[in-house]
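Peer 1: what's the 3D shape of this:
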Amino acid sequence: MARGKKVFSEEDKILIKRKLKDECMAFWISQGYKETSIGAFCKKIEISTGTFYNFYSSKEELFFEVLYDVQNTIYGNFMKRIEQCPEKSGFETAILELYYEYESKPFLYDVKTIDFTSFYSKLSEEMKEKLIFDSSDLFRTAIQRANLKLKVSEKLAFSTFTVLLSSITSKDVVSQNCDHFAAFQFMTKQLVASIFE
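Peer 2: Okay, the predicted model is just below:
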């Protein structure tokens, strides 16, 4: 007797998709995009390769969806934190939470690696467009929602926080005697005090 195509309930579909996304993020962090196979996802969450293709047309589509979702969640949480505490301390806390998010997910900032460029090169133009994020607009909106006034030009303030956040990429190359997060926290506190009234 021939076996038919397995039918999943809506609840099953949601659960499988969530498991695929969770495993995708775990694999991306631990071994990267190139070293991760569809078979590894399927084995880990105990589904067939055919089931995988019921949800995604390719490995790249899954990785794209994970990156897009993570990006939106991080920036949504950033704004939510500022709205919960619309003042300097809320802005400072939101920046520190950004640090933790980026630090725990290197694929968000290691965009010049061979692994990331290999992934990115396989995306459609439409996917690439969706990943473009205007961080200056987010920064401007965050300042407004935090009810803060700048002491310096918006361009200088934005550039300063961009440089601060980009320091995460160097955390592994600084001296082992250095507490990168403590330094980041100190610089954030000083910058928030210097940049805002």
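Peer 1: Enumerate the positions of the host helix or strand of Phe186 that are buried.
Peer 2: In the assignment (DSSP states H and E), Phe186 maps to helix 180-195. Going by neighbour count (16 or more other CB atoms under 10 Å), the buried part of helix 180-195 is His180, Phe184, Thr188, Leu191, Val192, Ile195. In short, each C-beta sits where N, CA and C put it, glycine included.
Peer 1: Skipping its backbone neighbours, what lies nearest the fifth one in space?
Peer 2: Looking back up the chat, that one is Val192. Of all residues not flanking Val192 in the chain, Glu92 sits nearest, at 4.7 Å (CB to CB, 6 or more residues apart in numbering).
Peer 1: same question, the fourth one
Peer 2: Nearest in space to Leu191, with sequence neighbours left out and distances taken as CB to CB, 6+ apart, is Thr160 at 5.9 Å.
Peer 1: That neighbour and Lys88: what is the separation?
Peer 2: 15 Å (CB to CB, to the nearest Å).
Peer 1: Kindly report the same for Thr188.
Peer 2: Counting by CB to CB, the gap from Thr188 to Lys88 is 11 Å.
Peer 1: Show me where this structure has its helices.
Peer 2: Remark: helices assigned in the chain by DSSP state H are 10-30, 38-45, 49-55, 59-84, 88-104, 114-121, 125-131, 135-145, 154-166, 180-195.
Peer 1: Can you get me a residue count around the residue nearest to Leu191?
Peer 2: By other CB atoms under 10 Å, the residues close to Thr160 number 15.
Peer 1: What is the most widely separated pair among the buried residues of helix 180-195?
Peer 2: The span of the buried residues of helix 180-195, defined through CB to CB, is set by His180 and Ile195 at 21.3 Å.
Peer 1: ok so, going back, and the residue nearest to Val192, how far is that from Ser194?
Peer 2: The gap separating Glu92 from Ser194 is 12 Å, by CB to CB.
Peer 1: cool, Ala26 as well?
Peer 2: 39 Å.
Peer 1: Thr73 now?
Peer 2: From Thr73 to Ser194 the distance is 30 Å (CB to CB).
Peer 1: cool, Val70 as well?
Peer 2: Separation of Val70 from Ser194 (CB to CB): 31 Å.
Peer 1: one step back: among the buried residues of helix 180-195, which one sits closest to Ile143?
Peer 2: Distance ranking of the buried residues of helix 180-195 against Ile143, using CB to CB, places Ile195 first at 9.4 Å.
Peer 1: Verify the contact between that closest one and Val152 for me.
Peer 2: Yes: using CB atoms under 8 Å, Ile195 is in contact with Val152, at 5.7 Å.
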